[in-house]
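In: sequence first, predicted model second:
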Amino acid sequence: MADFGIYTKNADIQARAGLNANATSKAVAATDVYVLNVESLINCLTRYNWSDAFTAGLNADVGGILTEASACLCAIYVIQWDMDGFTTRIEAEDMINILRDKALFAISILRDKKVQKFIQEA
């Protein structure tokens, strides 16, 4: 099955969710549902259509920031869906907290209008 995301691929989500995340939730069919929602959310939060910009050929650095934000948010969904694979609930919650912080940092960079100007001129 193909990845449905524009700038988020299943392999990125699986890597961030970690080895202990539920295999069914990490499967492509499950994460494709998350990807479409997360990419739309990032576009709305940053007030910029990154999906169209990515398709048009964004700078690779910017693509990496987009992937980081979206894959982290999707990995949170994966972990929340089923925490049974983790040794404790605390371990799963720690993973979620780390992923949340990384996603928020990446989104804050993307929201900064000076950064968007820099990106467009790169």
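Out: Received, thanks.

In: residue nearest the middle of this structure, spatially speaking?
Out: In the chain, the residue lying closest to the centroid (C-alpha atoms, centre = their mean) is residue 70, at 1.6 Å.

In: wait, doesn't it sit right on residue 37?
Out: No. With contacts counted by C-beta atoms under 8 Å, residue 70 stays clear of residue 37, the gap being 10.0 Å. Backbone N, C-alpha and C define where each C-beta goes, glycine included.

In: if we can go back for a sec, dihedrals phi and psi, the residue nearest to the centre of the chain?
Out: Torsion angles at residue 70 (phi, psi; degrees, to the nearest 10) stand at phi -70, psi -40.

In: tell me, how many residues neighbour the residue nearest to it when sequence neighbours are not counted?
Out: Excluding the flanking residues, the one nearest residue 70 by C-beta to C-beta, 6 or more residues apart in numbering is residue 8, at 4.0 Å. Neighbour count for residue 8, taken as other C-beta atoms under 10 Å: 27.

In: got the contact list for residue 8?
Out: 35, 38, 39, 66, 67, 70, 71, 74 (C-beta atoms under 8 Å, 6 or more residues apart in numbering).

In: how far does the helix or strand harbouring residue 98 sit from its chain's centre?
Out: Residue 98 belongs to helix 89-111 when assigned by DSSP states H and E. Here helix 89-111 is found 10 Å from its chain centre; the criterion is C-alpha atoms, centre = their mean, to the nearest Å.
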